[in-house]
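A.B. asks: Structure for this input, please:
(one chain, ligands or ions: 2)
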Amino acid sequence: MNRRHFLMTGSALAVLPRTGFAAPPFLLRAEPVTAQILPEGDGVTDMLGFNGSTPGPELRARQGDTLRVTFENGIDQDSAVHWHGIRLNNAMDGVPGMTQPPVQPDTRFDYAFEVPDAGTYWYHSHNRSWEQVARGLYGPLIIEEETPPDVDHDITVMIDDWRLTETGEQMGGYENLHDWSHAGRMGNFARAVFDEAVTLRTGDRVRLRLINVATARVFPIEVTGVEGKIVALDGMPLTEPEDFGQITLAPAQRMDIIADVTAQDGVRFNFMTRQGPYDLGIIAVAENNPAPRTAAIAPLAPNRIVSPDIENAVALDLRMEGGAMSSVATREAIWLFNGQSGMPDDPYYTFERGQTARITLHNDTRFAHGIHLHGHHFHEVQTDGSLGHYRDTTLIAPDETRDILCVFDNPGKWLMHCHMLGHQAAGMKTWIKVL
Ligand code: C2O
Ligand code: CU
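C.D. replies: Numbering: from 1, shown residues only. Ligands and ions are numbered 1, 2, ... in the order given. Next up is the predicted model:
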């Protein structure tokens with residue numbers, strides 16, 4: 001299978017224009033855009049985007065900076081922008097009805113917040129996100145280290161899928177209950193979006209920032225043509241860089257790789273489907289770097305992390321329930337957390353500032369869920385009890401149980417929800433309060 005094939009059904013694709021432009025202080029204007037998602041020459045797609053393109057422009061700031069973004073809503077629905085993975089001031093979190101009023105059509109909202117952590121993040125609409133993100137309202141947010149690692153190229157790779165007709169129209173059906181009660185609304189066409197003007201040389205050292213921006217699809221991915229290490233997950237540096245074979249990225253998850261280019265025929269991103277590898281995109285390679293780097297790939301400088309107080313952690317449970325083939329799901333309450341579907345009036349839990357919690361996540365459903373906590377990162381606890389990766393979104397397979405340890409040190413009201421956005425829409429969400 002190659003990039004000219006739809007998933008499941010049959011036909012086509014090529015180049016998304018990256019025409020977006022933003023200068024600090026940034027202006028991000030949500031508006032209708034046209035995108036060449038299918039290959040050049042095939043139909044174009046009516047999407048939503050920021051500053052003329054989807055994905056929106058890559059916003060960059062330096063760790064510790066105050067990022068200022070004026071959001072202007074040029075679409076015909078309310079909207080708001082969430083800065084996914086940033087441990088920011090609660091009032092700037094972009095959740096309408098919770099941290100701010102919805103931004104109505106033809107109005108603006110000014111965001112300004114400090115960015116404490118370096119790494120790979122993203123921004124996306126948080127109003128009717130199951131529809132607005134599917135229609136293109138997202139973009140990368142890169143926070144640079146004070147001393148960035150020594151690489152020849154720093155490339156953001158956003159992976160998405162779309163549900164398109166043969167001629168490139170979006171098929172709609174954003175609120176299809178069959179999709180919502182199963183794995184979510186999957187696209188039939190997938191690709192990696194990156195700056196196609198870049199050509200690498202063999203021997204070049206590259207930083208690849210992978211972001212899964214799909215609303216529901218978990219991507220198992222193989223990256224070929226490079227040799228290197230995973231250096232960060234969900235923005236946060238790994239203490240020890242790790243080897244990668246097949247990569248799994250749940251919706252909203254990110255992975256930074258630093259690697260040396262080895263293949264003359266390109267750096268390839270293959271989506272490993274049951275029918276075989278599906279070509280998501282190839283970064284071109286030509287010529288050789290005459291002076292390749294020889295230093296080992298080093299860990300990135302750590303972000304400031306408060307260690308969990310494991311001894312005194314409050315123990316909580318979060319049970320995912322519902323969905324197709326479940327006896328508790330109803331049409332009105334498809335997905336539930338601890339028996340509750342949709343936003344409860346009272347928080348799931350109120351934490352003292354700085355309190356550590358051990359939350360046992362139980363997936364009592366037939367589907368995978370990517371659980372995201374706003375305003376914080378948390379440690380995944382490994383089966384042997386040791387601290388695993390430090391993330392903002394954790395993927396839980398059907399029947400899986402996993403503990404996470406989180407230091408709730410960011411005051412405010414924060415959402416916790418499944419990032420399969422149809423699951424969130426159909427009830428899998430709650431909120432916590434930090435005093
Ligand atoms: Cu990226 Cu509440 O989500
Ligand atoms: Cu889910």
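A.B. asks: longest single strand anywhere in the chain?
C.D. replies: Ranked by number of residues, the top strand in the chain under DSSP state E is strand 276-288.
A.B. asks: now it, how far from the centre of its chain.
C.D. replies: Strand 276-288 sits 22 Å away from the centroid of its parent chain (Cα atoms, centre = their mean, to the nearest Å).
A.B. asks: For Arg391, list the residues it contacts.
C.D. replies: By Cβ atoms under 8 Å, 6 or more residues apart in numbering, the contact list for Arg391 reads Leu233, Asp234, Met236, Gln253, His377, Phe378, Glu380. To be clear about C-beta, it is placed using only N, CA and C from the backbone, and glycine gets the same treatment.
A.B. asks: Next, work out how far apart the fourth one and ligand 2 are.
C.D. replies: So that's Gln253. 13 Å (Cβ to the ion, to the nearest Å).
A.B. asks: mind listing what that residue touches?
C.D. replies: Listed by Cβ under 8 Å, 6+ apart, the contact set of Gln253 reads Ile211, Asn212, Leu233, Asp234, Gly370, Arg391, Thr393, Leu395.
A.B. asks: so what pLDDT did Pro25 get?
C.D. replies: pLDDT for Pro25: 85.
A.B. asks: how many neighbours does the closest residue to it other than its chain neighbours have?
C.D. replies: Spatial nearest neighbour of Pro25, excluding adjacent residues (Cβ to Cβ, 6 or more residues apart in numbering): Arg68 at 3.8 Å. Neighbours of Arg68 under the rule other Cβ atoms under 10 Å: 14.
A.B. asks: The stretch 301-435 of the chain: strands as residue ranges?
C.D. replies: 314-322, 335-337, 350-351, 355-363, 369-373, 378-381, 387-391, 393-396, 401-408, 412-418, 429-434 (DSSP state E, counting those that start in this stretch).
A.B. asks: could I have the fifth one exported to PDB, CA atoms only?
C.D. replies: Pointing back at strand 369-373 there. Extracted in PDB, the C-alpha atoms of strand 369-373 (Å, rounded to 0.1, in the frame of the first residue of the first chain):
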ATOM      1  CA  HIS A 369      -8.500   5.300  25.500                       C
ATOM      2  CA  GLY A 370      -5.900   8.000  25.600                       C
ATOM      3  CA  ILE A 371      -6.400   9.800  28.900                       C
ATOM      4  CA  HIS A 372      -5.200  13.400  29.100                       C
ATOM      5  CA  LEU A 373      -4.900  15.600  32.100                       C
END
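A.B. asks: That strand - which strands sit beside it in the sheet, and in what orientation?
C.D. replies: strand 393-396 (antiparallel), strand 412-418 (antiparallel) (DSSP bridges).
A.B. asks: Not counting the longest strand of the chain itself, show me its contacts.
C.D. replies: Under Cβ under 8 Å, 6+ apart, the answer for strand 276-288 is 1-3, 5, 7, 155, 157, 159, 190-194, 196, 198-203, 221-222, 225, 261, 263-272.
A.B. asks: ok, now how distant is the nearest residue to Cys406 once chain neighbours are set aside from ligand 2?
C.D. replies: Distance criterion Cβ to Cβ, 6+ apart; nearest residue to Cys406, sequence neighbours excluded, is Phe378 at 3.7 Å. Computed as Cβ to the ion, the Phe378 to ligand 2 distance reads 17 Å.
A.B. asks: Gly52 now?
C.D. replies: The gap separating Gly52 from ligand 2 is 32 Å, by Cβ to the ion.
A.B. asks: What is the burial count for that residue?
C.D. replies: Neighbour tally, Gly52, other Cβ under 10 Å: 17.
A.B. asks: For the residue sitting furthest away from the middle of the chain, give me the pLDDT.
C.D. replies: Centroid-distance maximum for the chain: Pro290 at 35.9 Å, with Cα atoms, centre = their mean. On pLDDT, Pro290 comes in at 97.
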